[in-house]
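K.L.:
the following block contains a protein sequence and its predicted model.
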Amino acid sequence: MSSVIPPGLDNRGVLSRFASGGDTKDWLPYTKIKLYTNAFIVKDNKVLLGFKKRGFGKGKYNGFGGKVDPGETSLQAAVRELQEESGVTAPLEHAGTLFFVSEGEDWAFEIEIYRADSYEGDITESDEMRPEWFSTVGVLDGDSQSSTIPFSKMWESDIVWFPYLISKRKFAGRADFTREGDEFRLHRWWYGTVSDSSSEQ
Ligand SMILES: CNc1ncnc2c1ncn2[C@@H]1O[C@H](COP(=O)(O)OP(=O)(O)OP(=O)(O)O)[C@@H](O)[C@H]1O
């Protein structure tokens with residue numbers, strides 16, 4: 001287990017590791033960073049996920065999000081993407097950051113993760129996402145494996161940071177994936193809690 005903070009998580013405030021592992025060889029290289037968002041509604045012990053029907057991550061459950069457009073803040077993009085993909089607007093708050101590098105790509109995803117406890121509007125299926133609620137029971141007791149959240153149909157690293165998202169403990173992490181055909185395999189990861197407000201987005 002390495003306590004050395006990986007490249008890409010600089011300027012994130014003071015990070016305290018809560019999980020790390022995988023291959024201890026070098027982190028994958030990247031030359032560019034693309035900004036993305038990912039937003040979750042957490043309400044009445046349930047979390048709203050979307051089943052991605054097309055594009056990157058097709059066939060997986062995830063929060064609602066996408067690219068940050070030029071001239072937009074990540075918060076503005078998160079609100080827009082949530083609305084476009086699920087039909088609702090929500091008072092999103094920054095919950096964490098995921099730095100994601102994949103073998104075979106020279107760019108990294110910097111994903112700003114947001115959450116809200118409430119929303120307005122009607123949850124609506126879009127061309128991209130089919131929304132569905134899942135119980136969060138179990139996630140906070142360190143028993144994520146037995147929860148009904150479909151972690152086996154999500155990005156492999158999600159189970160590591162989900163308890164932090166649900167319990168509003170700000171986190172930042174990096175997950176590197178290798179490729180086996182169309183499949184992504186978690187290769188190396190490092191996550192920490194953020195204890196410095198200078199990391200606000
Ligand atoms: C370990 N890796 C990962 N873990 C968790 N979530 C991940 C992720 N890698 C990408 N994501 C999310 O997947 C969506 C892709 O968005 P994507 O559909 O490509 O973007 P956008 O809607 O702008 O595209 P189009 O407008 O269709 O071109 C976006 O929410 C992004 O945050």
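P.N.:
Received the coordinates, thanks.
K.L.:
tell me the buried residues in stretch 170-179?
P.N.:
K170, F171, A172, G173, R174, A175, D176, F177, T178 (16 or more other CB atoms under 10 Å). In short, each C-beta sits where N, CA and C put it, glycine included.
K.L.:
sort out which one of those lies nearest the ligand for me.
P.N.:
Distance to the ligand, by CB to the nearest ligand atom, is smallest for A175 among the buried residues of stretch 170-179, at 4.8 Å.
K.L.:
let me see the contact set for the closest one.
P.N.:
L98, F99, F100, V101, W155, E156, S157, V160, L186, R188, W189 (CB atoms under 8 Å, 6 or more residues apart in numbering).
K.L.:
again, only using 6 Å
P.N.:
Neighbouring residues of A175 by CB atoms under 6 Å, 6 or more residues apart in numbering: F100, S157, W189.
K.L.:
could you measure from it over to I123?
P.N.:
Computed as CB to CB, to the nearest Å, the A175 to I123 distance reads 28 Å.
K.L.:
what of G55?
P.N.:
G55 sits 20 Å away from I123, taking CB to CB as the criterion.
K.L.:
looking at the two, which one has more neighbours?
P.N.:
A direct count of neighbours by other CB atoms under 10 Å for G55 and I123 places I123 higher, at 14 against 9.
K.L.:
contacting residues around the more buried one?
P.N.:
Contacts here follow CB under 6 Å, 6+ apart; on that basis I123 touches S86, G87, V88, P131.
K.L.:
for the ligand, state which of the residues you listed is nearest.
P.N.:
Nearest to the ligand among these is S86, at 11.5 Å by CB to the nearest ligand atom.
K.L.:
burial count for that closest one?
P.N.:
Residues lying near S86 (other CB under 10 Å) number 27.
K.L.:
what's it sitting at in phi/psi?
P.N.:
With angles defined as degrees, to the nearest 10, S86 sits at phi -130, psi -10.
K.L.:
list the contacts for it?
P.N.:
If you count contacts by CB under 6 Å, 6+ apart, S86 has them with F64, I123, P131.
K.L.:
same check on Y114?
P.N.:
When contacts are counted by CB under 6 Å, 6+ apart, Y114 touches A39, A78, L92, H94, A95.
K.L.:
three-state assignment of the nearest residue to the second one once chain neighbours are set aside?
P.N.:
Closest residue to A78 in three dimensions, ignoring its sequence neighbours and counting by CB to CB, 6 or more residues apart in numbering: T37, at 3.9 Å. Look at T37: counting by DSSP: H, G, I helix; E, B strand; the rest coil, its state is strand.
K.L.:
for T37, list each beta-bridge partner.
P.N.:
Beta-bridge partners for T37, by DSSP bridges, are E112.
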